[in-house]
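Visitor: how does the following fold in three dimensions:
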Amino acid sequence: MPAMTKTRPSLPPFAVVPAIALLSLATGCATTMDDASVSATTSIPSIVDETEARGDEALLTALSTEAVLQAVYLDSTGLGVVSDLVAEGTIVEWMPGVITRTTTGMDVGSTIVMQLEITRVIDQSDGQSVREGDVIHVSRIAPTMDPAALTADLPTGRDALVYLSEPLSAEERAADPAYDVERVDERTANVPLWQYPNPQGLVVELAGSEELVWPYLGSSADGSLREAEPGGTLDGLNAAQRKARDETIRSLQESGTRLEEVFE
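Guide: Predicted coordinates for the structure are as follows:
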């Protein structure tokens, strides 16, 4: 089936700010995932070799930003609605992005960049022209001040599903004079950097298994990438996250606020 195009609201990118203030905005509605199907402590299948197992374990444990990022969550349908691109691809490389500190030397945060070769475009908004075979770059805040060490442990060659908001503009990428920004890998300097609308935006299929990982949530579930596509039953959320999401939805409904307005 050919990919559809539609107009969607632009989403606020993940900005590099002090960790205590990190906030990603998103929302969504009901899910059908069972509590037992989501785990943050799943062991990696023994049929893969030690290097692959170590890489997949890093996906599950090393990237979660739940401790420092506050997020409002979505089900797969809502996530698709607010995304500018939904696609499947193969992870080519992980690269360290930037390290940010205040001008007085206080640590602020860092980013990592995932390079993804697109294998199937599921949906994209008007104005986007991503095609099969394209290689895109996706930036995300990292839970470390040493992004080079982090990316060295992450696996490549994995199939992934991504929900993305449009790349940062030149103005959004410009360094704030209140911060010192060190670019770790110069290859990330002049490429469009797509963003995840929330921590559910990356879903990775583990090597040699039928298990999915949401690295930025630190959760996993049995299933296929197709089941995590828009309208699918898998979204990586646990019971507490679903409860928080439902409370947000109720608040929006009571105030008469539409989902799209949150991202305008």
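
Visitor: neighbours of Gly152, how many?
Guide: Slight slip there: residue 152 is Ala, not Gly. 11 (other Cβ atoms under 10 Å). Using the backbone N, CA and C atoms, a C-beta is placed for each residue, glycine as well.

Visitor: so what's it scoring on pLDDT?
Guide: Ala152 is assigned a predicted lDDT (pLDDT) of 94.

Visitor: one more: Ser209?
Guide: 86.

Visitor: helix, strand or coil for it?
Guide: Ser209 falls in the coil class when you classify it by DSSP: H, G, I helix; E, B strand; the rest coil.

Visitor: if I look at it, how far off is Pro197?
Guide: Ser209 is 27 Å from Pro197, where distance means Cβ to Cβ, to the nearest Å.

Visitor: quick one: which of those two has more around it?
Guide: Taking other Cβ under 10 Å, Ser209 and Pro197 do not tie; Pro197 has more neighbours (27 against 16).

Visitor: from memory the more buried one sits against Ser83, does it?
Guide: Yes - between Pro197 and Ser83 there is a contact under Cβ atoms under 8 Å: 5.8 Å.

Visitor: list the contacts of the nearest residue to Thr61 once chain neighbours are set aside.
Guide: Spatial nearest neighbour of Thr61, chain neighbours left out: Gly218 (6.6 Å); criterion: Cβ to Cβ, 6 or more residues apart in numbering. Residues in contact with Gly218 (Cβ atoms under 8 Å, 6 or more residues apart in numbering) are 40, 60-61, 63-64, 66.

Visitor: same question, Leu225
Guide: Contacts of Leu225 by Cβ under 8 Å, 6+ apart are 88, 159-161, 203, 205, 212.

Visitor: ok, 6 Å please
Guide: By Cβ atoms under 6 Å, 6 or more residues apart in numbering, Leu225 lies in contact with 161, 205.

Visitor: now it: phi and psi?
Guide: Dihedral pair for Leu225: phi -60, psi -30, per degrees, to the nearest 10.

Visitor: and it, what pLDDT?
Guide: For Leu225, the pLDDT comes out at 97.

Visitor: likewise for the one 10 residues further on?
Guide: pLDDT for Asp235: 95.

Visitor: doesn't Thr77 make contact with it?
Guide: No - contact between Asp235 and Thr77 fails when scored by Cβ atoms under 6 Å: they sit 9.1 Å apart.

Visitor: of the two, which one has the most company?
Guide: More crowded of Asp235 and Thr77, by other Cβ under 10 Å: Asp235, with 28 against 16.

Visitor: tell me the secondary structure for the more buried one?
Guide: When classified by three-state DSSP, Asp235 comes out as coil.

Visitor: repeat for Gly127
Guide: With three-state DSSP as the basis, Gly127 sits in coil.

Visitor: which residues touch it?
Guide: Contacts for Gly127 (Cβ under 6 Å, 6+ apart) come out as none.

Visitor: lowest confidence element among the helices and strands of the protein?
Guide: The least trusted helix or strand in the chain, going by mean pLDDT, DSSP states H and E, turns out to be strand 23-24, with a mean of 30.

Visitor: pull the distance from the strand or helix carrying Thr77 to the chain's centre.
Guide: Assigned by DSSP states H and E, Thr77 belongs to helix 76-81. Here helix 76-81 shows a centroid-to-chain-centroid distance of 13 Å under the convention Cα atoms, centre = their mean, to the nearest Å.
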